[in-house]
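A.B. asks: quick one, structure for this:
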Amino acid sequence: MALRIAMAHLSFADGDAHGTDVVRVKAAGLEVVTMGESNPRAPSPGHRTIRLDDASSGRYLEVTVTGGRVVGATCVGAGQVGADLVAAYTRRTPVPADPAYLLLRPIGPGATVAGDPTAMPDRTTVCRCNGVTKRDIVASWRDGATSVADVAARTRATTGCGGCKETVAGLVDWLAESDPAQFSRRGRGLGENSVTPSKHAVTAGKSLVHPAETLPG
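C.D. replies: Okay, here's the model as predicted:
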């Protein structure tokens, strides 16, 4: 019953400007969030919609993506997923290679940054949703990514279930510690999308790369 009532609200957001059309409905036993192109009857060309319908538990999840971004979503009965979808929609963050991961929450910890991150093999998969390895994150740093948001934009790490975000942030901290000149060259301050060594498990003074590797000057 709650699910049927919630679906009646899904047209409220239609036609509003992107990022300002997030609608939330809360009542006893009911929690709904909808935004953008929700429950499209005739999806636009190039749009992809993924749904999870679990009426027995009062859950309905739907997300529509195009061009690597969320353009609409509906979430009933799963508040944390709804919060993640709102963030992806309003911030226009890249979506994972498989958008179905947007409807899931991590069920266990991802890879963790060792006390000495050089002990983590380059082939270690950090983001399982998008198959991003430590090597990929280091390469993105060398290419100018000096924040978690930058790494996400280049590799899509953290854009799926989100379970790897702390690990990615720890690696970015480690890179900033090991190669401060790169950080300074890019002119990054300590804003919302930057990280500082005090936030995550990194080892000060450790080399950024394995002994056989060298960073460009």
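A.B. asks: quick one, what contacts residue 134?
C.D. replies: 120, 121, 122, 123, 124, 126, 171 (Cβ atoms under 8 Å, 6 or more residues apart in numbering). Where you see a C-beta, it was placed from the backbone N, CA and C, and this is true even at glycine.
A.B. asks: which pLDDT value goes with residue 50?
C.D. replies: Looking at residue 50, its pLDDT reads 92.
A.B. asks: measure stretch 31-51 end to end?
C.D. replies: By Cα to Cα, to the nearest Å, the extent of stretch 31-51 from end to end equals 17 Å.
A.B. asks: the chain: strands as residue ranges?
C.D. replies: For the chain, strands defined by DSSP state E occupy the ranges 23-27, 30-36, 48-54, 59-66, 69-76, 125-127, 132-133.
A.B. asks: counting by contacts, list what the third one packs against.
C.D. replies: Read that as strand 48-54. strand 59-66 (3 or more Cβ pairs under 8 Å, 6 or more residues apart in numbering; DSSP states H and E).
A.B. asks: mind listing what residue 136 touches?
C.D. replies: So residue 136 contacts 126, 155, 157 (Cβ under 8 Å, 6+ apart).
A.B. asks: any idea how far residue 126 is from it?
C.D. replies: Note on residue 136: its distance to residue 126, by Cβ to Cβ, to the nearest Å, is 8 Å.
A.B. asks: who touches both of those two?
C.D. replies: Contacts common to residue 136 and residue 126, judged by Cβ under 8 Å, 6+ apart, are residue 157.
A.B. asks: ok so, going back, among the contacts of residue 134, which two are most distant?
C.D. replies: For these, the maximum inter-member distance is 14.2 Å, found between 123 and 171 (Cβ to Cβ).
A.B. asks: neighbour count: these two, which is higher?
C.D. replies: residue 171 (27 against 8; other Cβ atoms under 10 Å).
A.B. asks: the residue nearest to the more buried one when sequence neighbours are not counted and residue 26: what is the separation?
C.D. replies: Among residues not flanking residue 171 along the chain, residue 137 sits closest, at 5.3 Å (Cβ to Cβ, 6 or more residues apart in numbering). Counting by Cβ to Cβ, the gap from residue 137 to residue 26 is 38 Å.
A.B. asks: the two: who's more crowded?
C.D. replies: residue 137 (27 against 10).
A.B. asks: before we move on, the earlier item: closest to residue 58 among the contacts of residue 136?
C.D. replies: The nearest one, if we look at the contacts of residue 136 relative to residue 58 and count by Cβ to Cβ, is residue 157, at 32.5 Å.
A.B. asks: count of neighbours near the closest one?
C.D. replies: Count around residue 157 with other Cβ under 10 Å applied: 30.
A.B. asks: for residue 59, same thing?
C.D. replies: 16.
A.B. asks: next one: residue 93
C.D. replies: Residue 93 has 17 nearby residues by other Cβ under 10 Å.
A.B. asks: i'd like the first residue to be 34 from this point on
C.D. replies: Sounds good: first residue 34 from here, last item residue 126.
A.B. asks: so what's the backbone phi/psi at it?
C.D. replies: phi -80, psi 150 (degrees, to the nearest 10).
A.B. asks: surely it meets residue 117?
C.D. replies: No: the pair residue 126 / residue 117 is not scored as a contact, 10.1 Å apart, by Cβ atoms under 8 Å.
A.B. asks: domain map for the chain?
C.D. replies: 35-136, 139-250 (automatic domain parsing).
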